[in-house]
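**Student:** got a sequence here, can you model it:
(2 chains)
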Amino acid sequence: MNDPYLSQYLFVAVFFVVAVVFALAPLALVRLLAPRKPSPTKHATYECGLASRGDSWIQFRAGYYLYALVYVIFAVETVFLYPWAVAFGGLSFGAFVAMMVFVLLLVEGLVYAWAKGALDWK
Amino acid sequence: MAVDPQLQSELEKRGVFVMPVEFLYNWSRKSSIWPMQFGLACCAIEMIAAAAARYDIARFGAEVFRASPRQADLMIVAGTVTKKMAPLVVRLYNQMPEPKYVIAMGACAISGGPFKEGYNVLKGIDRYIPVDIHIPGCPPRPEALLHGLMALQEKISGQRLTDARWYDKNAPAELPVPQYGPHDLEPPYHPDVWKPPKP
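**Tutor:** Model prediction:
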């Protein structure tokens, strides 16, 4: 610890201790001070004051996931199409071809998903 | 446990503050009263105005309107409580952690107000839950709400740790929620909380 270079790391140690105490002290205080009054209503799922019905752990249909995934195609396309449209006048023919290839790649994905029946709601 | 006032002022001059634990406990509670975010009628508009820049309820540490009763200390019943809505309000009160406080804001929440004779309006939320502060007005201005909040802060700073009901193991954890009956809510009031006035 007499090494001046190493003693600089003392700050890190102090910060570490303070950070741990700072995080744990409120938890300990809460344990000490918080009034505990458990009741069935308090533990019930919050439904804006209505009587809770069922469990909050419910399953969503996988169909939603497929729709969201296909939507990403349009989202990504929009992000790139806007700057492309703004700069359209000053772009070369090569840039136009590159953009068309990119759009066609995405369209191909959409057509594939469509053909596979991802857009049919069953 | 009282500190000699002369010694206390001498210490304060040197930057040392001596206070009872109770003072610190109440001071921290009253300086961060988090209300629950819900409004029932036009009084809620005044409540929103109190939260906005001109009246700025944040000066009192009460600007954190919580969207869940689990994190709220204060229920501001702002507006007309219909009989349809009353069980929900009581259930939300039950879901709030202790210690909890209730402000009845406006004539409707206090007594039914102009709709007192209406068949579907509860004649005061204090029939089902214990109300700490009543703020009259139709609707009360934001200043009135702030005054009510300050009155609540005063009440909190006067509370004693030794007889705090929220540490009482025998105190009931929740109030019964009224049910929809064929004509009225059943029961029409909770006798522990409210009793009809003697004629």
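**Student:** which residues touch B:Gln179?
**Tutor:** For B:Gln179, the contacting residues are B:Pro87, B:Leu185, B:Glu186, by CB atoms under 8 Å, 6 or more residues apart in numbering or on different chains. Heads up, the C-betas are built off the backbone N, CA and C, glycines and all.
**Student:** which among these count as buried?
**Tutor:** Burial by neighbour count, 16 or more other CB atoms under 10 Å in any protein chain shown: within the contacts of B:Gln179 this picks out B:Pro87, B:Leu185.
**Student:** and the closest residue to chain B within chain A, how many neighbours does it have?
**Tutor:** Chain B sits closest to A:Gly49 of chain A, with a gap of 3.1 Å, by CB to the nearest CB. Using other CB atoms under 10 Å in any protein chain shown, A:Gly49 has 19 neighbouring residues.
**Student:** just give me how far the helix or strand where A:Ala68 lies sits from the chain centre.
**Tutor:** If you go by DSSP states H and E, A:Ala68 is part of helix A:62-86. Helix A:62-86 has its C-alpha centroid displaced from the chain centroid by 16 Å (CA atoms, centre = their mean, to the nearest Å).
**Student:** buried residues of the helix or strand encompassing A:Leu106, list them for me.
**Tutor:** Here A:Leu106, judged by DSSP H and E, is contained in helix A:93-115. Residues of helix A:93-115 classed as buried: A:Met99, A:Ala113 (neighbour count, 16+ other CB under 10 Å).
**Student:** list, one by one, the residues from chain B near chain A.
**Tutor:** Taking CB under 8 Å from any CB of the partner chain as the contact definition, chain B meets chain A at B:25, B:68-70, B:87-89, B:91-92, B:94-95, B:97-99, B:164, B:166-167, B:171, B:173-174, B:177.
**Student:** and the residues you listed, which of them are buried?
**Tutor:** By 16+ other CB under 10 Å, those give B:25, B:69, B:87-89, B:91-92, B:94-95, B:97-98, B:167, B:174, B:177 as buried.
**Student:** one step back: now, which of the contacts of B:Gln179 sits nearest A:Val20?
**Tutor:** Closest to A:Val20 out of the contacts of B:Gln179 is B:Pro87 (45.5 Å), distances taken as CB to CB.
**Student:** how far does the helix or strand containing that closest one sit from the chain's center?
**Tutor:** Using DSSP H and E, B:Pro87 sits within helix B:86-95. Mean-position distance between helix B:86-95 and its chain equals 13 Å (CA atoms, centre = their mean).
**Student:** now do the strands in chain B.
**Tutor:** B:74-78, B:101-105, B:133-135, B:179-180, B:185-186 (DSSP state E).
**Student:** and the ones you listed, which one is worst for confidence?
**Tutor:** Note on the strands of chain B: lowest mean pLDDT is at strand B:185-186, with a mean of 89.
**Student:** parallel or antiparallel, list what pairs with it.
**Tutor:** strand B:179-180 (antiparallel) (DSSP bridges).
**Student:** can you give me the offset of the strand it pairs with from its chain's centre?
**Tutor:** 24 Å.
**Student:** picking up where we left off before, what angle separates the helix holding B:Pro87 from strand B:74-78?
**Tutor:** Helix B:86-95 and strand B:74-78 are oriented at 160 degrees to each other (axes from the mean of the first three to the mean of the last three CA atoms, to 10 degrees).
**Student:** packing partners of helix B:86-95?
**Tutor:** If you count contacts as 3 or more CB pairs under 8 Å, 6 or more residues apart in numbering or on different chains; DSSP states H and E, helix B:86-95 packs onto helix A:40-43, strand B:74-78.
**Student:** around chain B, which positions in chain A sit nearby?
**Tutor:** By the rule CB under 8 Å from any CB, the part of chain A lying against chain B is A:33-35, A:37-42, A:44, A:46, A:48-51.
**Student:** can you list the low-confidence ranges for the chain?
**Tutor:** In the absence of a named chain, chain A is used. Within chain A, the segments meeting pLDDT under 70 span A:1-2.
**Student:** oops, I was thinking of chain B
**Tutor:** Looking at chain B by pLDDT under 70, you get B:1-2.
**Student:** closest point of chain B to chain A, which residue?
**Tutor:** Closest point on chain B to chain A, by CB to the nearest CB, is B:Leu88, at 3.1 Å.
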